[in-house]
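**Q** generate a structure from the sequence data that follows.
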Amino acid sequence: MFTSTKVFDGFSCCFRQWKATTTHCQYLHGYGVSFKVWFEGNLDDRNWVWDFGGMKRAKTQIDGMSPKAWMDYMFDHTVIVAKDDPKIDLFKGLNSNGVIQLREVEATGAEKFAEFIFNKLNPFVQEETNGRVKVKQVEFKEHGKNSAIYSE
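**A** Here you go, the predicted model:
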């Protein structure tokens, strides 16, 4: 079994963790985020676990988009808010008025983003490789000092 990694970066997004009432994380704040994905599996006929440019050339889609387009849609100049945020209607109003690009997820924060990305990429990778490769783990970085890792 082999493992390879790929870093996806260059994303600017902001979010808030509305349940973090005792910290400044309850406020809307932004980061230049990145995430690292560990791919695990057997080698293909080119002796690769995962084609590092495979997100651009993939036939399989994530939520009806190419994987690269999905990553841009989710994390490039977006505001990501939990679906249960008590201020969700305010964010929806800003979105409908063209002020923000709103993305709603079950929960926010580095840990939950790592899990979210894992749960989107793993089925994609398994389908794209006919089960030869799986995502082993995902590390989500808010910046160079803070990250969280999710693995099954």
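**Q** select the longest helix from the protein.
**A** For the chain, the helix reaching the highest residue count under DSSP state H is reported as helix 110-128.
**Q** what pairs with the helix or strand that that helix is followed by, parallel or antiparallel?
**A** Note on helix 110-128: by DSSP states H and E, the next helix or strand toward the C-terminus is strand 133-141. Each strand paired with strand 133-141, and its direction, by DSSP bridges: strand 29-41 (antiparallel), strand 147-151 (antiparallel).
**Q** next, the buried residues of the worst-scoring helix or strand of the chain on mean pLDDT.
**A** Least confident helix or strand of the chain, by mean pLDDT, DSSP states H and E, is helix 54-57 with a mean of 82. For helix 54-57, burial by neighbour count (16 or more other CB atoms under 10 Å) applies to 54, 55. C-beta here means a position set from N, CA and C on the backbone, and glycine is covered the same way.
**Q** residues touching stretch 35-44, excluding its own?
**A** Contact with stretch 35-44 is made by 1-9, 49-51, 113-114, 117, 121, 125, 129, 132-141, 151, as judged by CB atoms under 8 Å, 6 or more residues apart in numbering.
**Q** how far off centre is that stretch?
**A** The chain centre lies 16 Å from the centre of stretch 35-44; the measure is CA atoms, centre = their mean, to the nearest Å.
**Q** what mean pLDDT would you report for it?
**A** Averaging pLDDT along stretch 35-44 gives 97.
**Q** repeat for stretch 66-77
**A** Computed over stretch 66-77, the average pLDDT equals 95.
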